[in-house]
Structure formats: C-alpha cells, structure tokens
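Visitor: need coordinates for the following:
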Amino acid sequence: MTSDLPGADLPGAPRPPRSARLGRNLVAAIGVGVAMGAVIISSLLIVRQAFVLVLAVAAAVATWELAGALRRGAGIEVPLPVLLVGGQAMIWLAWPFGLRGSAVAFAVTVLVSLLWRMRGGAQGFVRDVGAGVFTAAYVPFFVSFAVMLTVAPDGVGRVLTFMICVVASDVGGYAAGVIAGRHPMAPTISPKKSWEGFGGSLIAGMVAGALCVSFLLDGVWWLGAITGAVLVVTATLGDLTESLIKRDIGVKDMGDLLPGHGGLMDRMDSMLPSAFVAWALLSLVVPVA
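Guide: Okay, the predicted model is just below:
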C-alpha cells in the first residue's frame, strides 16, 4: 500500500512519523481480516470443497474490481462479461479436471475475448485485449491453482499452509517495517516497503512454512522452510506488481469494498501468484498420495 502523505512517494522525501507509517485503519483492517479468516477456516473445516465457492466468489469480485480500475484510471475496456464467465469456468473445471481443465477454459476465454472486442473496431484493440488477457491470467487462472490445492486429499493442510505462509509474510513484513524499516526496497514502486520489512517477512514465512509442512502435511520441516521463503518472495512480487498496476493507471485502490483494506483485489495481490507457486512447490515437497 502506498503512502497517503503528500510528497511521501518522492525520492528523498522526509521519512514520515511512525504513526503515519502504519498506513492503515488498524481497527477496521483487523476486523475485516478476522471476518475473512473465519469464512475461510469455516468453509475448509466443515466441507473443504465449500472453499471452492469462496474462491469463485472472490475471483469474480476481484475481476470486477480490476476491470473497473482499468476503466476508471486508464479508459481501458476489458470484455468483462467474457472474463466473468470464463473465470468461473477456469475455477470450476479445475475441480474435476485439474490444470487441464483450467488451461482449456483460459484458452477459450482468450479466444472469445478477441471476438468480443472486434465489435469495437481497431482503435485500442491491442490495449483492451491485452488487458483482458492479463486480467484473465492474473485473477481467475491463478485462483484456479488454489482450487487444485483445495481438492487434493489433504487439501485442508495444503490450503492452510499456502495461506498461513502468505499471511505470515504480510504480518512479519508489516511489523518489521514499522519498527525497524530504514532502507527502501523499491522506492519508486512502493515507498513504504523496506529491506528490513522484507527480512521480517522472510523470517515469519520460513517459520510458518516449517511448522505447517511439518504438522499439517507430515512433511520435512526444512523443505517447509524453503517453501515459506519462496512464498515470501512471490507474495512480495505480487504486492509490488499490483502497486505498479495502480501507479500505471493512476488509482489508489482497486476498490472500496473492505474497510481498512481497499478492495478485495488489494488483499488478494500477494495471494494470486503465490497460489500457483504453492501448488507447484507443495506438489514436489509433499506429493499427493
């Protein structure tokens, strides 16, 4: 999240006081975070496949928010109806057919997006179609890997490992950045990110990965620590990627659905690429029986 203070994004600007560096309405953010966690955990523990419905709703909302931000900030018109329908196909076909199902749905979504946008003529065709394909890949296709984690026989442990590592990265980085952040990590992209914060993310993510893989998946703890470290890197890259998108199109948040957080897309930024990485890594570290 970027700073709201005037001039805070400029290189060499004075460092804001710690209270300003918190950067969130903590009461609202914590309340929303607890509510979201309750929905996720209850859906996983009652019937884990119910979490697929949660993912499908989240993907639709995030797609809607990203499409709205692109239109609002840069006048880019993505084929939203195609993305919403195609996104749901990617998610629900990943349940019975795995990667093959989501990949076929993604390819069909791209083809239909091309046809849909032809009605608008040549002006802005490449821009709009490119943004549509990016949206399809960045949101529902990445979410489909979380579905693949969920429907595995030990899906509860896999999903919790993935999400706990990413949340630990966020919390560890936030705490370390507020307490000790001194050296900007990417000042032109996200001025509040610091190398000290990244170090906090790395420690928290590795501890979370070691514990989760060991106790939830009966795996080797040091492989879990490596998994946690890699997920920290992808979560950080996901966060920076969304910051770049928002800076490019000139919006502060993707939406305003969640008090203290912005839009749902603003909370999913680090989760999206991490879902694919978690699926790939856990398939190697703890193969599905």
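Visitor: residues of stretch 140-156 that come out buried?
Guide: Along stretch 140-156, these residues count as buried under the neighbour rule (16 or more other Cβ atoms under 10 Å): 140-152, 154-156. Where C-beta positions appear, they are placed from N, C-alpha and C, glycine not excepted.
Visitor: er, stretch 90-97 actually
Guide: For stretch 90-97, burial by neighbour count (16+ other Cβ under 10 Å) applies to Met90, Ile91, Trp92, Leu93, Ala94, Trp95.
Visitor: tell me where the stretch 51-200 of the chain has helices.
Guide: Using DSSP state H, counting those that start in this stretch, the helices of the stretch 51-200 of the chain run over 80-117, 125-136, 142-150, 155-180, 195-216.
Visitor: what is the orientation angle of the second one with helix 80-117?
Guide: Orientation check (axes from the mean of the first three to the mean of the last three Cα atoms, to 10 degrees): helix 125-136 against helix 80-117 gives 150 degrees.
Visitor: mind giving me the packing neighbours of helix 125-136?
Guide: helix 50-74, helix 80-117 (3 or more Cβ pairs under 8 Å, 6 or more residues apart in numbering; DSSP states H and E).
Visitor: got the domain boundaries for this protein?
Guide: What automatic domain parsing lists as the domains of the chain is 46-151, 153-289.
Visitor: just send the helices and strands packed on helix 125-136 back as a markdown table, with distance to Met254 too.
Guide: Shown next, in a markdown table, are the helices and strands packed on helix 125-136 (distance: least, Cβ to Cβ, whole Å):
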| stretch | distance to Met254 |
| --- | --- |
| helix 50-74 | 4 |
| helix 80-117 | 14 |
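Visitor: most tightly surrounded among the ones you listed?
Guide: helix 50-74 (a mean of 20; mean count of other Cβ atoms under 10 Å).
Visitor: now it: mean pLDDT?
Guide: Helix 50-74 shows a mean pLDDT of 94.
Visitor: list of residues touching it?
Guide: Residues outside helix 50-74 that contact it (Cβ atoms under 8 Å, 6 or more residues apart in numbering) are 39-40, 43-44, 76-78, 80, 83-84, 87-88, 91-92, 95, 131, 135, 138-140, 143, 146-147, 150-151, 159, 245-246, 248-251, 254-255, 257, 263-265, 268.
Visitor: also stretch 171-180?
Guide: By Cβ under 8 Å, 6+ apart, stretch 171-180 touches 18, 21-22, 192-194, 196-205, 236.
Visitor: list the buried residues of that stretch.
Guide: Of the residues in stretch 171-180, Val171, Gly172, Gly173, Tyr174, Ala176, Gly177, Val178 count as buried by neighbour count, 16+ other Cβ under 10 Å.
Visitor: before we move on, back to that, need the least confident one among the helices of the stretch 51-200 of the chain, by mean pLDDT.
Guide: Out of the helices of the stretch 51-200 of the chain, helix 155-180 stands lowest, with a mean of 93 (criterion: mean pLDDT).
Visitor: next one: that helix to chain centre, how far?
Guide: Centroid displacement of helix 155-180 relative to its chain, using Cα atoms, centre = their mean, to the nearest Å, is 12 Å.
Visitor: between helix 142-150 and that helix, find me the angle.
Guide: 120 degrees.
Visitor: Val288: neighbour count?
Guide: Counted with other Cβ atoms under 10 Å, residues neighbouring Val288 total 11.
Visitor: which phi and psi does the residue nearest to it when sequence neighbours are not counted have?
Guide: Nearest residue to Val288, sequence neighbours excluded (Cβ to Cβ, 6 or more residues apart in numbering): Ala152, at 5.1 Å. In terms of degrees, to the nearest 10, the main-chain angles of Ala152 are phi -60, psi 160.
Visitor: Ala152 contacts Arg158, doesn't it?
Guide: Yes. Because the distance of 5.6 Å satisfies Cβ atoms under 8 Å, Ala152 is recorded as touching Arg158.
Visitor: show me which strand runs longest in the protein.
Guide: strand 190-194 (DSSP state E).
Visitor: a markdown table for the helices of the stretch 51-200 of the chain, including distance to Ala59?
Guide: Below are the helices of the stretch 51-200 of the chain laid out as a markdown table (distance: least, Cβ to Cβ, whole Å):
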| stretch | distance to Ala59 |
| --- | --- |
| helix 80-117 | 5 |
| helix 125-136 | 10 |
| helix 142-150 | 4 |
| helix 155-180 | 15 |
| helix 195-216 | 24 |
